[in-house]
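Participant: Next come a sequence and a model predicted from it.
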Amino acid sequence: MLRSVHRFFRETPGVVLAIVGLACAFMVLEIQRMPVARFVSFSMFAPLPYIVEATVMLAIVAWQWARPALRLGDSRAVRTIVALLVLASTGLLLYAPLEDDGVTLGVLMTYRASTGMLVVLWGERLVSLGARRAGFAVALSCMLSGAATSGLAFFSSGVARALLGMLPLLAGGLFVAYRPRVVEEGAKSGADADGLRRSLPRFACSSTKDRAVAVGLVTLPLVCRGPMVMSQSSWMGLQGDAAMSSLIQASIGCGIVLAGLIALLVVRHVWSQSFVLVYELFVLPVTFVSFYTAQTSDDLWFLHMLIVDSTYKVTLFYIMMTPFLFPERPRGSSASVYLLASFAFMIAMRALFVGLEGALQKSAYAALTAVVVLASFVGGGLLSFMILQRQSGRREAVRAAAAEAMRASLEKRCKTVADRFDCTPREREILVLLAQNYRAPYIAEKLVVSQSTVKTHMRNLYGKLGVHSQAELLLRLEEEAENITAD
């Protein structure tokens, strides 16, 4: 693991700036729910800011779909505008009194839309590094942001707020300044360089069914994120004193660090067709546990925070990998289309469930939430099973094709040898079976003859080829194959 990370830093110049910048962006995205910044109330999670955020992103998705060559993150002007909006809205959120409800709502809408765009466009900037480098960068950014989030618990509220005020400046400044660079392929050779250039297997989207499966695998866990926003209220009543607020802050950071470790392990060990299945099998089942811990948050608040924050950041990690999971559009669509669409869908689900919670009775909302999460879990399980079956079928097909190719090559080699040594038809059959390392009893059963007949033909074969055993026969066939190749 450490060797892989060291190689990543060595072959990706300047990536430290991206890791620090994205880590700061992750923290800015979470400022509204950090108890060291301000007393967190559920009014901070009103549905309208989420609706505005999702609408802005979906509008950009539609624009980019119509103009495939457009990449917002490539424009320094766009990056500067986003950075300034983040700086202004976060500053107001941290330091302004915000006594007027209309002003507060406007600040929250700007904060949600701008910080979401900052994170998504950071992801777009990392796409040019390649899938695995981007994966390492996101995972390490997540770990760094988690460690810094926990570290804020050790400062007083005033110092913590001052440090948080520096984050949007750092995140935005690095966002504007960072230029992705990688070592040229020719500069490194061997397995080390190839490991970082290894791409993710993309979804097969050649048919409507394939596209539906791919979209389902990504969106079903995002649907589960919607009800989880309501579990935020389960710990808000615990902010009774500074010590408890610090402990909650530390637990948020621990959950984010855990998510970074999971993402790092996925990048290192599950960089294959099973990549997205880890997402399904982690986020969906753990979501069930979070509903239990939310009901017993007085006792299990630390576990609850671990679950909420680790699943959220793992979800963000997979969202930032979506440009590498879906096939590239023929006209060279911007990678941020899938990023923006996935992120916007998650935010839209959050807005939907916040709105439903206010519109429905408590029992009706609880029943709806249970049905949605259960349906998502079942749907994700079925899709995962389909993918596993498809992978198994492909592996079997590959093995069968390889075995068939080997058998055809072997038969060709045996035919050449048999022609050279003038073997009889029965000797030719036995030669092919001996070359496959079968013994006399099996050959006799296969050809429906006695073992003595088989052994007689074997002696004749050995005599013609000048060998005394099956092992020598196999060596002779190898030698003949080399002679054939040389000729």
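Facilitator: Received it, and whenever you're ready, just let me know what you need.
Participant: Mind picking out the helix or strand in this protein with the poorest mean pLDDT?
Facilitator: Lowest mean confidence among the helices and strands of the chain (mean pLDDT, DSSP states H and E): helix 191-197, at a mean of 59.
Participant: Next, the residues that contact the helix or strand just after that helix from outside, please.
Facilitator: As assigned by DSSP states H and E, the chain's next helix or strand after helix 191-197 is helix 208-228. Residues outside helix 208-228 that contact it (Cβ atoms under 8 Å, 6 or more residues apart in numbering) are 203-205, 276, 279-280, 283-284, 287, 290-291, 308, 311-312, 315, 318-319, 322, 325-326, 342, 345-346, 349-350, 352-353, 369, 372-373, 376-377, 379-380, 383-384, 386-387. No exception for glycine: its C-beta is placed from N, CA and C like everyone else's.
Participant: Of those, keep whichever come out buried.
Facilitator: Taking 16 or more other Cβ atoms under 10 Å as the criterion, what is buried in these is 203, 276, 279-280, 283-284, 287, 290-291, 308, 311-312, 315, 318-319, 322, 325-326, 342, 345-346, 349-350, 352-353, 369, 372-373, 376-377, 379-380, 383-384, 387.
Participant: could I have stretch 6-19 exported to CSV, CA atoms only?
Facilitator: Extracted as CSV, the C-alpha positions of stretch 6-19 are listed here (Å, rounded to 0.1, in the frame of the first residue of the first chain):
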residue,chain,number,x,y,z
HIS,A,6,4.7,6.7,-2.8
ARG,A,7,4.7,5.8,-6.5
PHE,A,8,1.6,7.9,-7.0
PHE,A,9,3.2,11.0,-5.6
ARG,A,10,6.4,10.4,-7.5
GLU,A,11,4.7,10.0,-10.9
THR,A,12,2.0,12.7,-10.4
PRO,A,13,3.8,16.1,-10.0
GLY,A,14,1.9,18.8,-8.0
VAL,A,15,-0.8,16.4,-6.9
VAL,A,16,-0.2,17.5,-3.3
LEU,A,17,-1.9,20.8,-4.1
ALA,A,18,-4.9,19.0,-5.5
ILE,A,19,-5.2,16.7,-2.4
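Participant: In that stretch, which residues are buried?
Facilitator: For stretch 6-19, a neighbour-count test (16+ other Cβ under 10 Å) marks 7-8, 11-12, 15, 18-19 as buried.
Participant: The closest residue to F275 other than its chain neighbours and V86, how far apart?
Facilitator: Spatial nearest neighbour of F275, chain neighbours left out: L200 (5.9 Å); criterion: Cβ to Cβ, 6 or more residues apart in numbering. From L200 across to V86, the span is 29 Å (Cβ to Cβ, to the nearest Å).
Participant: Go ahead and list the helix or strand containing the residue most central in space within the chain.
Facilitator: What sits nearest the mean C-alpha location of the chain, by Cα atoms, centre = their mean, is Y318, with 3.7 Å. Element membership for Y318, per DSSP H and E: helix 297-325.
Participant: how far does that helix sit from the chain's center?
Facilitator: Computed by Cα atoms, centre = their mean, to the nearest Å, the separation of helix 297-325 from the middle of its chain amounts to 13 Å.
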